[in-house]
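Undergrad: what's the 3D shape of this:
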Amino acid sequence: MSLSAKVREQLLSSFRAELNEHIQTVTDGLLALEQQSVTGEQRQSTLEDIFRAAHSLKGAARAMGVTAVEQLAHALEGVLDGIRRDAIALSVELFNACYRALDAVQAVQAAYEAGEITPPTQALQALTDLESFRSQVSEETKESVEPTPAVTPPSTSVGVPVSDQDTAPRTLGGDETIRIGVNKLDALMAQLSELLVTKIRIEQRLDQIRQFQEFTTMWQKEWLAARKAYGQLLRRDIGGNGSGGLEKDLARVLDYVGASQERLYEMNTQVNELVREYANDTMHMSLVIDELEEDVKRIRMLTLNTITGPFGRMVRDLARGAGKEAMLRIVGGDTELDKRVLEQIKDPLIHMLRNAVDHGIERPAQREAQGKPRSGVITLAAEQLGKDVVISVSDDGAGLNLDAIRQAVLRRGNVGAHSMSEAELVEAIFTPGISTNPIITDISGRGVGLDVVRRNVEALQGRIDVDWTPGAGATFAMTLPLALTSSHGLLVRVSEQLLAIPLNAIEHIMFVDPQEITPLEGYDAIRYNGQPLTLVQLGDVLELPQADVPRDDARILAVILAAAERRMAFAVDELVGEQEVVIKGLGPQLTRVGGIAGATVMGSGEVVLVLNVADLIRLGLMGKRRSVLDALTDTTPSKSVRAQRRILIVDDSITTRTLEKNILEAAGYTVQLATDGQEALNAIAASGAPDLIVTDVMMPRVDGFGLTRRIKDEPSTAHIPVILVTSLDSAEDKARGIEVGADAYITKSRFDQSNLLETIEQLI
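TA: Numbering: from 1, shown residues only. Now for the predicted structure:
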């Protein structure tokens with residue numbers, strides 16, 4: 001890479017970071033104004049802050065030559081100036097225009113970095129929208145800000161590329177701070193992990209040297225016991241008067257023994273000195289590595305606010321799209337977590353926030369009828385507790401609907417849902433495929449939300465708990481470790497395999513007499529703290545081959561493991577000891593091996609699997625038996641199975657029909673086509689009911705809503721799942737889709753191949 005290219009990349013990186021910072025400032029300020037969470041002087045201060053951010057963004061864009069961003073920022077600056085002078089009235093349309101402008105700024109920046117010449121069309125539309133509000137400002141007010149340059153036409157370039165003459169060092173802050181690339185931190189963490197493995201190996205070498213020390217000490221004691229006999233032999237006159245060869249040989253052996261004793265004494269002294277020095281060096285090295293580990297952890301620690309920036313806007317947009325009103329409140333956003341922890345909880349947090357909007361918060365009229373404010377409040381809170389952090393998502397909505405959950409479980413074919421307890425129903429919401437939504441939408445309904453949340457949380461050796469009150473809301477709380485580098489594990493032997501169990505998941509270790517084991521609901525159980533507890537063979541859960549292990553007695557060694565509120569006792573063959581472990585991933589081929597969190601390398605070089613306790617308990621409760629050596633098999637239906645499924649596509653657009661037909665046939669389905677609802681009904685009457693229908697809404701003769709209603713009203717076809725794929729994305733349209741009985745609603749703006757196939761797999 002040339003010097004010019006390197007400098008340009010540095011400038012782009014700095015501009016990108018500055019742009020994101022200013023956009024977040026403006027977004028947060030606009031949300032505060034829209035939700036009326038700031039008043040008086042605080043409101044005016046917020047307006048000044050976002051006006052200054054827009055002005056700074058304009059200057060930075062001008063310096064980089066990104067003309068479209070400069071003009072968008074300038075137009076936004078003018079609107080914000082009108083707001084702070086009370087020349088522009090606040091309205092939903094105004095806020096929508098400002099948010100669209102911020103989205104356009106990011107789109108222009110992405111196009112600029114990709115080397116595109118023409119700015120995205122949304123930039124021109126956003127400029128036009130902002131100018132319509134600026135036109136409301138009086139001429140006197142307009143003169144208080146800089147003149148607005150002409151709106152860039154679509155053919156104008158995104159920006160002028162940075163030349164050698166345009167490059168210059170950019171001051172990012174004070175001398176005490178620097179910007180470090182994330183990849184460098186990841187590389188540092190990887191090297192630290194290797195250093196920790198080396199520390200473990202050296203500590204094990206110290207144990208080996210100490211064993212050698214014990215050997216030499218024992219050797220020395222044995223010599224002391226034999227020294228008296230040696231002295232007596234020396235005092236005899238052996239070979240002194242020229243006696244036979246036996247005496248000479250004995251004299252030579254005694255000389256050797258004497259010399260060996262001196263060497264043994266010297267070796268024992270050196271070994272003792274070596275052990276002392278090696279122990280001191282090992283202790284010093286361990287202290288240094290431990291301090292380095294803490295320093296690296298601190299460097300990698302980021303505040304929760306690092307990832308929560310877009311959440312407020314997301315909650316606002318999701319709520320409005322669903323015909324609701326909701327605001328996000330963040331408490332403890334300055335709580336610090338490890339970068340990797342933050343990365344892995346971002347998706348779970350998004351899932352929980354979406355669920356809070358979709359399932360928790362009621363519609364404004366319903367809230368008012370219950371005496372609640374029209375707008376719901378979703379709270380994202382974080383609190384550090386020792387070496388853990390608790391992150392919770394709460395809402396003041398309706399709470400969990402147990403009846404709806406029970407029906408969702410029944411729809412999945414679990415007839416036992418009728419007798420499920422409240423705790424079992426709450427547990428069911430974390431099961432894949434369970435959703436209380438009556439229709440699949442872009443927000444939710446596929447039943448792939450909370451199971452993903454639990455999987456990600458448990459992958460971090462954390463847990464998730466649910467608390468709720470009918471009519472008053474629900475709280476989903478994740479308890480997670482602050483940092484992930486090294487941990488301690490208990491080494492156990494099962495079927496001649498050495499395995500490691502994280503110590504923080506071990507609740508108790510006990511011996512169980514065979515007569516103490518009783519059957520309970522098809523499982524073996526023992527008594528623990530006065531309550532029955534399931535007992536399983538760890539080797540059986542992991543499908544390890546059985547091995548004959550000699551035992552001193554008939555008792556069974558059981559390790560009681562806990563994850564969240566679930567506990568289970570696992571029988572093992574032997575406890576080997578405690579060991580510091582550095583957990584490493586198993587690679588992409590083995591990312592979903594049941595019961596396994598990763599692996600660690602012992603000082604001897606032996607690779608030991610580290611167990612995933614939450615997964616083990618789930619496997620034990622489900623009664624499934626999966627091999628630890630084989631990856632989870634793909635459960636996607638084969639094409640031969642799919643070929644037996646017939647899907648009817650109904651759309652008056654030949655382009656859409658062809659696209660969807662190609663997608664489904666490539667996936668192995670048999671496809672039938674119809675151009676409108678009436679033709680689809682005729683096809684069903686002629687060739688029988690298909691396995692699923694994918695239909696547009698806006699069509700001649702019988703539209704998609706009418707087709708769906710007629711299919712669902714007819715007993716012979718009511719069972720056919722119907723997916724509406726349409727450009728209509730308003731809350732009213734989705735509500736109508738629910739009313740007529742559609743099973744899924746996909747908007748064409750968010751349509752993609754995986755989205756369609758995933759929805760079909762969910763339904764059939």
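Undergrad: Can you report phi and psi for Ala477?
TA: Ala477 adopts backbone torsions of phi -110, psi 130, taken as degrees, to the nearest 10.
Undergrad: so it touches Gly462, yeah?
TA: No: using CB atoms under 8 Å, Ala477 is not in contact with Gly462; the gap is 10.3 Å. Just so you know, the C-beta spots here come from the backbone N, C-alpha and C atoms, and that holds for glycine as well.
Undergrad: more neighbours, these two?
TA: Gly462 (24 against 16; other CB atoms under 10 Å).
Undergrad: Now that one. Nearest residue, chain neighbours left out?
TA: Excluding its sequence neighbours, the residue lying closest to Gly462 (CB to CB, 6 or more residues apart in numbering) is Leu480, at 3.9 Å.
Undergrad: does the one you found have beta-bridge partners, and which?
TA: With DSSP bridges as the criterion, Leu480 is bridged to Val389.
Undergrad: roughly how far apart are it and Asn355?
TA: For Leu480, the distance to Asn355 equals 19 Å [CB to CB, to the nearest Å].
Undergrad: again, but for Ala226
TA: 79 Å.
Undergrad: same thing with Ala259?
TA: Taking CB to CB, one finds Ala259 at 82 Å from Asn355.
Undergrad: Settle it for me: which of those two has more neighbours?
TA: Using other CB under 10 Å, the more surrounded residue of Ala259 and Asn355 is Asn355, with 23 against 10.
Undergrad: So the residue nearest to the spatial centre of the chain: helix, strand or coil?
TA: Nearest residue to the geometric centre of the chain (CA atoms, centre = their mean): Gln344, 2.8 Å. Secondary structure, DSSP: H, G, I helix; E, B strand; the rest coil: Gln344 is helix.
Undergrad: Low-confidence regions, the stretch 151-300 of the chain specifically.
TA: Along the stretch 151-300 of the chain, the parts satisfying pLDDT under 70 run over 151-179, 181-182, 237-245.
Undergrad: Helices of that one, start to end?
TA: Ranges of helices in the stretch 151-300 of the chain, per DSSP state H, counting those that start in this stretch, are 182-235, 245-300.
Undergrad: Minimum distance to Thr534: which of those helices has it?
TA: Counting by CB to CB, Thr534 lies closest to helix 182-235 out of these; the figure is 33.8 Å.
Undergrad: and that closest one, what does it pack onto?
TA: Contacts defined by 3 or more CB pairs under 8 Å, 6 or more residues apart in numbering; DSSP states H and E place helix 182-235 against helix 245-300, helix 339-355, strand 574-581.
Undergrad: quick one, which of these is packed in tightest?
TA: helix 339-355 (a mean of 20; mean count of other CB atoms under 10 Å).
Undergrad: quick check: mean pLDDT across that one?
TA: Averaged across helix 339-355, the pLDDT comes to 86.
Undergrad: Can you give me the domain boundaries for the chain?
TA: If you go by automatic domain parsing, the domain ranges for the chain are 3-170, 183-302, 328-478, 487-622, 639-763.
Undergrad: Helices along the stretch 401-550 of the chain, start to end?
TA: Taking DSSP H, counting those that start in this stretch to define them, one finds helices in the stretch 401-550 of the chain at 402-411, 422-428, 450-459, 538-541.
Undergrad: Redo these as CSV? Include mean neighbour count and mean pLDDT.
TA: Putting the helices of the stretch 401-550 of the chain into CSV (neighbours: other CB atoms under 10 Å; pLDDT from 0 to 100) gives the following:
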stretch, mean neighbour count, mean pLDDT
helix 402-411, 17, 79
helix 422-428, 16, 78
helix 450-459, 19, 77
helix 538-541, 23, 85
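Undergrad: Pipe those helices into CSV and attach distance to Leu11 per row.
TA: Formatted as CSV, the helices of the stretch 401-550 of the chain follow (distance: least, CB to CB, whole Å):
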stretch, distance to Leu11
helix 402-411, 53
helix 422-428, 52
helix 450-459, 36
helix 538-541, 56
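Undergrad: And those helices: which comes nearest Ala104?
TA: Nearest of these (CB to CB): helix 450-459, 31.2 Å.
Undergrad: coming back round to it: burial count for the residue nearest to Gly462?
TA: 25.
Undergrad: Isn't it up against Glu458?
TA: No: applying CB under 8 Å, one finds Leu480 not in contact with Glu458, separated by 10.3 Å.
Undergrad: give me phi/psi at Glu714?
TA: phi -90, psi 120.
Undergrad: beta partners of Ile378?
TA: Beta-bridge pairing for Ile378 (DSSP bridges): Leu328, Asp395.
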